[in-house]
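Trainee: Structure here, sequence nowhere to be found:
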Ligand SMILES: [Ca+2]
Ligand SMILES: [Ca+2]
């Protein structure tokens, strides 16, 4: 009987501890953002909040995310290179992010398509709540550009072309253009020249050294060998359909 009593009281103590633990867990970290839905994950130890996609070129001070908050008494952003692009503002019952003066440089500097923020919120119950924010960006079309061409002169031996009419004349002179737009619709480039009778142009995608967008290499061939020996100045163009970049090139026909 004594053993049974001991067993019961043992169970009672365990149950009591369990109730206390649950109370403790429920009451801990009472910070909350009063938002639900897609992109809001409050299930883990660290919450994940993904904002609605925002234009990469919003003006300074534009509010990009805003939510009512509850029991949030402090906020500390973890050190991160993205911090400078957004400014977090904590109010009594609201938290918001605004685009900073650096915001519009984000994609060209960081070469990323979403801004990450990690913030530890101090809660009214003295506990902390860590929240990881992700703000995906919507691409705005920017102009393509030619990557510097180290040697802008191409020497062509006409005899070689006679033997091989499809010979690429710029094998040793890389002519690359890039477009860092991350929406491929805005970064698909085509090439042209102001001497179409002299040159046949083709191009191929090359791995981008920029880490974002697309890069293409121009492939130049002569249209025919029926061309005078001499020095030709050629303007090359690349366009994404909306914006066009140009570069000058010298072709020496020998
Ligand atoms: Ca573009
Ligand atoms: Ca862009």
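Mentor: Yes, it's here. Source: prediction; values computed, not measured. Ligands and ions are numbered 1, 2, ... in the order given.

Trainee: Can you tell me the closest non-neighbouring residue to the residue of the stretch 1-150 of the chain found nearest ligand 1?
Mentor: Residue of the stretch 1-150 of the chain nearest ligand 1, by Cβ to the ion: residue 141 (4.6 Å). For the C-beta atoms, the positions are set from N, CA and C on the backbone; glycine is no exception. Leaving aside its sequence neighbours, residue 141 sits nearest to residue 186 (Cβ to Cβ, 6 or more residues apart in numbering; 4.2 Å).

Trainee: Over to residue 235?
Mentor: residue 194 (4.5 Å).

Trainee: pLDDT score assigned to that neighbour?
Mentor: Among the per-residue scores, residue 194 shows a pLDDT of 97.

Trainee: wait, isn't it in contact with residue 233?
Mentor: No - Residue 194 is beyond contact range of residue 233, at 9.2 Å (criterion: Cβ atoms under 8 Å).

Trainee: Look at these two and report which has more neighbours.
Mentor: Ranked by neighbour count (other Cβ atoms under 10 Å), residue 194 and residue 233 place residue 194 first, with 13 against 10.

Trainee: which residues touch that one?
Mentor: For residue 194, the contact set (Cβ atoms under 8 Å, 6 or more residues apart in numbering) comprises 234, 235, 237.

Trainee: The last one contacts residue 243, doesn't it?
Mentor: This points to residue 237. No - using Cβ under 8 Å, residue 237 makes no contact with residue 243, being 10.7 Å away.

Trainee: Look at those two and report which has more neighbours.
Mentor: Neighbours around residue 237 and residue 243, counted as other Cβ under 10 Å, are more numerous at residue 237. The numbers are 18 against 15.

Trainee: which helices and strands sit right next to the helix or strand where the more buried one lies?
Mentor: Assigned by DSSP states H and E, residue 237 belongs to strand 230-239. Packed against strand 230-239 by the contact rule (3 or more Cβ pairs under 8 Å, 6 or more residues apart in numbering; DSSP states H and E) you find strand 190-193, strand 214-222, strand 244-253.
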